[in-house]
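Student: Sequence and predicted model, in that order:
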Amino acid sequence: MSRQTEKIPIPGRLDEVIDESLDILKKEKRKQRVRMFAGIAAGMIICAGCFGAAEGIFLPGADKPERTAQRILPEDSEADVKLAKEDPAGGKRPRRENFLYMQESGGITVTAANVYYNGYTLYMTVTVRSEEPFADSFGAETTGDMCRIGMESEGAADQSIEFALPDYIEGSFLDDRTFLGTVRAPLAGDESSAGGKAADDFYYDWSIRSFCGEDGGDETKYVGDWDFHVAVPADMRDTEVTEINGADASGEGIACVVKTAEDISARLILPEGTSENAYVTVMCDASGAPLNRSGDYFRTENRDISTVYVFLCGREDYEKIAEEYQAADRKNGVQEWIQSLREYALYSEKVHFESEYLSVVQAAWGGR
């Protein structure tokens, strides 16, 4: 990897991406402290432990197999397009594009659509629209910029499958009354391990009790009752899974990397009794620049992911090197950043995917 990064020019937004990543981690840490102080149940926390070491782990010094992504292609199906506030009436359960669910409370209408489950995460596209303009402190002044709004919600599936409860929507304000974003609910507990969990189509009962600004301030809180009963199709068409099953001598490593059309995430291998909250996963694109973080997911828009570098770091170590990097007089941004990650990472790997975009290096050399 060092030979590939030595000649990489410095992307202009490297500092901005690292700032964003560190800021998100600090906000998540503050949220965890507030939740612990308030006595909120541990099941409300998205990050859940991934216990036990997977069978077939590759330890340092062992030969590593070629990392190839596997794509699962289900058969196509057709269903009628419907608009529903309640459960779709009978018939075959839908593919993800075919239903909208709307609930209104207190002058705010919430719409859920494009719902699906890929064996690892439940995805929903959610629109929050107010009859009156949102307060500036809610974030509406950031129209067009990627941001989050927080929420208090609870949910449960009608099968023996458990998801972490989503506590934010990531997206952007279309105008001062409309927010459009994505909700991700990963598998919870032991089910978040390498193999994911297969499931038939199922139903998910989801109740939202409030929305708040990105920083969680009560002064921007909107309270209501938005209750959904949504059909969730199992859909792996856009999901690629790269099996890794590698760990260091302490049993800390990466089980697999999961890529969808919008993001990439990693499933971890951790010693028994260890919480994922003590670790940070970092991913960089083919040029070595860090991918933008969305919780435990990394956005892939307009980035070259033909090679993705994946690092597993201790949370304290990552925050330390990120702060040191920001404070230093840097001349070789990407090279210094990658070198710091290599030095502090507990485990690292690189994986390959098809990519529509050229890296900084490839573009400079005419696509070669």
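Tutor: Nice, I can see it.
Student: What distance do you get for Phe179 to Glu301?
Tutor: 18 Å (CB to CB, to the nearest Å). Any C-beta I mention is one placed from the backbone N, CA and C, and that applies to glycine too.
Student: More neighbours: which of these two?
Tutor: Using other CB atoms under 10 Å as the criterion, Phe179 and Glu301 rank with Phe179 on top: 26 against 10.
Student: Let me know the helix or strand that the more buried one is in.
Tutor: Phe179 is part of strand 178-186, with elements assigned from DSSP states H and E.
Student: Between strand 178-186 and the following helix or strand past that strand, find me the angle.
Tutor: As assigned by DSSP H and E, the chain's next helix or strand after strand 178-186 is strand 202-212. For strand 202-212 against strand 178-186, the angle by axes from the mean of the first three to the mean of the last three CA atoms, to 10 degrees is 130 degrees.
Student: Could you list the paired strands of the helix or strand following strand 202-212 along with their orientation?
Tutor: Using DSSP H and E, the helix or strand that follows strand 202-212 in sequence is strand 222-232. The strands beside strand 222-232 in its sheet (DSSP bridges) come out as strand 202-212 (antiparallel).
Student: Residues contacting the partner strand, please?
Tutor: For strand 202-212, the surrounding residues in contact (CB atoms under 8 Å, 6 or more residues apart in numbering) are 87, 108, 110, 112, 115, 117, 122, 128, 138, 149-159, 161, 163, 218, 220-232, 234.
Student: rerun at 7 Å
Tutor: 110, 122, 128, 149-159, 218, 220-223, 225-232 (CB atoms under 7 Å, 6 or more residues apart in numbering).
Student: Let me see the mean pLDDT of it.
Tutor: The pLDDT scores in strand 202-212 average 96.
Student: tally of neighbours for Ser250?
Tutor: Counted with other CB under 10 Å, the neighbours of Ser250 add up to 11.
Student: With Glu343 instead?
Tutor: 9.
Student: Am I right that it sits in a strand?
Tutor: No - in this structure, Glu343 is helix, not part of a strand, as judged by DSSP: H, G, I helix; E, B strand; the rest coil.
Student: Number the chain from 47, please
Tutor: Got it, first residue is 47 now, which makes that one Glu389.
Student: measure it to Leu146 for me?
Tutor: Note on Glu389: its distance to Leu146, by CB to CB, is 49 Å.
Student: Ok, Gly341 next?
Tutor: As for Gly341, its distance to Leu146 is 25 Å (criterion: CB to CB).
Student: returning to what we had before: any of the contacts of strand 248-258 buried? List them.
Tutor: Using 16 or more other CB atoms under 10 Å as the burial test, the contacts of strand 248-258 include 156, 168, 174, 195-199, 201, 203, 266-268, 272, 274-278 as buried.
Student: So the chain: which segments form each domain?
Tutor: Per automatic domain parsing, the structural domains of the chain span 48-117+285-410, 128-278.
Student: The ones you listed: lowest mean pLDDT?
Tutor: In terms of average pLDDT, domain 48-117+285-410 trails the rest of those, at a mean of 72.
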